[in-house]
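Peer 1: build me a model from this:
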Amino acid sequence: MTGLRIESVVTSGVFTLDGGTWDVDNNVWVVGDDHEAVVIDPAHDAVAVAEAVGDRKLVAIVCTHAHNDHVNAAPALAAAIGAPILLHLDDRLLWKHTHSDRDPDGYLSDNQRIEVAGTDLRVLHTPGHTPGAICLYLPDLGTVFTGDTLFAGGPGATGRSYSHFPTIIRSIRDRLLVLPPATTVRTGHGADTTIGDEAPHLSTWIARGH
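Peer 2: Down below sits the predicted model:
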């Protein structure tokens, strides 16, 4: 795992769903070493993401969920570098909202491992924000990539199509809060947090749902 590291690229664009459009900044994550990498959630700007990968082998393009602002640059990045796009099967219909003419190259399942740079990313199926939302746990670096499932201060939004508040709370409780408290949470938008910092808020989140 020599040189294993996490890099980020912040890209800007729009999120569109249910007839609404919002300006957003997205965290795109690159995990790897000097030789190979995985990209998580290629948003808005395939050129900027490709530049971050550089001349490394891109093992996979992994989408934590299929909202357009997390997948819109995936096909262009795949075409430029030749890596497969991976998505959880339960978000295949949502994917079609953005890419009706191209399917992902493979579908992820819970507890699947994605190997890169001598380590692996463990897929955690965490539905609620979308049916096929996943997080990616990287124990070797004490990190979990949560997409839009968990942010600093609370869970991802559940007020739009394909989302469900009680389900996201169960996902956070059962799949994320069981991770070590020091685990760094790297989100799809905004600042990092830790599992330990977010755990005390669970009862408050539940109360807000009633």
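Peer 1: chain center to stretch 193-209: distance?
Peer 2: Centroid displacement of stretch 193-209 relative to its chain, using Cα atoms, centre = their mean, to the nearest Å, is 20 Å.
Peer 1: for that stretch, buried residues please.
Peer 2: 193-195, 198, 202, 205 (16 or more other Cβ atoms under 10 Å). Heads up, the C-betas are built off the backbone N, CA and C, glycines and all.
Peer 1: also stretch 34-51?
Peer 2: Those would be 36-46, 48-50, for stretch 34-51 by 16+ other Cβ under 10 Å.
Peer 1: give me the three-state assignment for residue 48.
Peer 2: helix (DSSP: H, G, I helix; E, B strand; the rest coil).
Peer 1: tell me how far it lies from residue 54.
Peer 2: 12 Å (Cβ to Cβ, to the nearest Å).
Peer 1: what of residue 83?
Peer 2: Distance from residue 83 to residue 54, by Cβ to Cβ: 13 Å.
Peer 1: same question for residue 163.
Peer 2: Taking Cβ to Cβ, one finds residue 163 at 36 Å from residue 54.
Peer 1: higher neighbour count, the two?
Peer 2: residue 163 (21 against 10; other Cβ atoms under 10 Å).
Peer 1: do I have it right that the more buried one meets residue 148?
Peer 2: No. Under the criterion of Cβ atoms under 8 Å, residue 163 makes no contact with residue 148, lying 9.5 Å away.
Peer 1: where do the contact lists of those two overlap?
Peer 2: 129, 157 (Cβ atoms under 8 Å, 6 or more residues apart in numbering).
Peer 1: any idea which helix or strand in this protein has the lowest mean pLDDT?
Peer 2: Across the helices and strands of the chain, mean confidence by mean pLDDT, DSSP states H and E is lowest for helix 202-208: a mean of 78.
Peer 1: returning to that earlier point: so which of the buried residues of stretch 34-51 belong to strands?
Peer 2: Using DSSP state E to define strands, the subset of the buried residues of stretch 34-51 located there is 36-40.
Peer 1: could you dump those residues to TSV with distance to residue 121?
Peer 2: Converted to TSV, these look like this (distance: Cβ to Cβ, whole Å):
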residue	distance to residue 121
36	13
37	11
38	7
39	11
40	8
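Peer 1: show me which of those is closest to residue 29.
Peer 2: Ranked by distance to residue 29 (Cβ to Cβ), those are led by residue 40 at 4.1 Å.
Peer 1: so the closest one is in contact with residue 146, correct?
Peer 2: No. Applying Cβ under 8 Å, one finds residue 40 not in contact with residue 146, separated by 10.3 Å.
Peer 1: what do these two both touch?
Peer 2: Listed as contacting both residue 40 and residue 146 by Cβ under 8 Å, 6+ apart are residue 64.
Peer 1: give me the low-pLDDT residue ranges for this structure?
Peer 2: 1-2, 209-210 (pLDDT under 70).
Peer 1: all helices for it, in order.
Peer 2: 46-53, 68-71, 74-81, 92-98, 165-171, 195-198, 202-208 (DSSP state H).
Peer 1: of all these, which one is nearest residue 152?
Peer 2: Of all the helices of the chain, helix 195-198 comes closest under Cβ to Cβ, at 7.5 Å.
Peer 1: can you list contacts of the closest one?
Peer 2: With Cβ under 8 Å, 6+ apart as the test, helix 195-198 has contacts from 144, 150, 152-154, 172, 176-177, 179-183, 185.
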